[in-house]
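Trainee: can't give you the sequence, but here's the structure:
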């Protein structure tokens, strides 16, 4: 079992991301971003046949360059832009990035999902409400608004992979920092980096790219499409209180486990605001 502990720190701001508006105090102070340890989830709804989606991928890369580990991206392949042309590996767009969660949230083929008909790329920044969907050019501004917030919760993760039965296990500790009576839900996902497959990119003359590097790709979930409630709003939690959960999931045959990361986040079930997130690499 391996354990990763998350602590607050300051991240230097090299350059202000071009999609962000001017950030006022207290987010920028003496050329630095004040980060108190609250990690930020980005749901990036995408597809390998979406020729504008590489611009959103670039946005995420730029945001990670600025904010480092504070940003936790999740690429969710969905809609008709994620459909598979054929299963012949010699032909483009044969690889299937789709998941049950992605189908539920974003839709499959020409059938809309939970968030209705979406024009990709589009995403959610630290909130699961449909009205919070925004284009990638707005993500930097949304992050700047909340990057300095103090986290109400911290999350500790420990994970294990049993190669014999391909079983991935994770233990989650949700630790209260600030007293509250929120109705709290926990979501646990697994994502994979460094998947080299086809991607359409309209900015190129030959817009069908082979061996495009797909990162932060959602592979599956441990506890449903929106996780599960772990605390009701009738229950007060105080600083230092710990809520624990454990889950297991069988890995897919085409997953490279050493490239996989478990993502856990807690959110307010009533407001859909994501309050904290944490990641752990299975290879750690």
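Mentor: On my side now, so go ahead. In this text the structure is predicted, and so the values were computed from the model without any measurement. Numbering: from 1, shown residues only.

Trainee: do a quick rundown of the helices in the stretch 101-250 of the chain.
Mentor: 139-146 (DSSP state H, counting those that start in this stretch).

Trainee: which ones are touching the residue nearest to residue 181 when sequence neighbours are not counted?
Mentor: Leaving aside its sequence neighbours, residue 181 sits nearest to residue 236 (CB to CB, 6 or more residues apart in numbering; 4.9 Å). Glycine gets a C-beta too; all of them are placed from N, C-alpha and C. Residues near residue 236 by CB atoms under 8 Å, 6 or more residues apart in numbering: 179-181.

Trainee: again, only this time at 10 Å
Mentor: 176, 179-182 (CB atoms under 10 Å, 6 or more residues apart in numbering).

Trainee: which one of the residues you listed is nearest to residue 40?
Mentor: residue 182 (18.0 Å; CB to CB).

Trainee: pretty sure the closest one contacts residue 272?
Mentor: No. Using CB atoms under 10 Å, residue 182 is not in contact with residue 272; the gap is 11.7 Å.

Trainee: these two: which is more packed in?
Mentor: The residue with more neighbours, out of residue 182 and residue 272, is residue 182; 23 against 17, by other CB atoms under 10 Å.

Trainee: which residues does the nearest residue to the more buried one once chain neighbours are set aside form a beta bridge with?
Mentor: Once flanking residues are discounted, residue 182 sits nearest to residue 268: 5.1 Å by CB to CB, 6+ apart. Here residue 268 sits in beta bridges with residue 184, going by DSSP bridges.

Trainee: ok, residue 268 touching residue 127?
Mentor: Yes. Between residue 268 and residue 127 there is a contact under CB under 10 Å: 9.4 Å.

Trainee: and the strands in the stretch 151-284 of the chain?
Mentor: 153-162, 167-176, 184-192, 195-200, 208-214, 217-221, 228-231, 242-250, 260-268, 274-281 (DSSP state E, counting those that start in this stretch).
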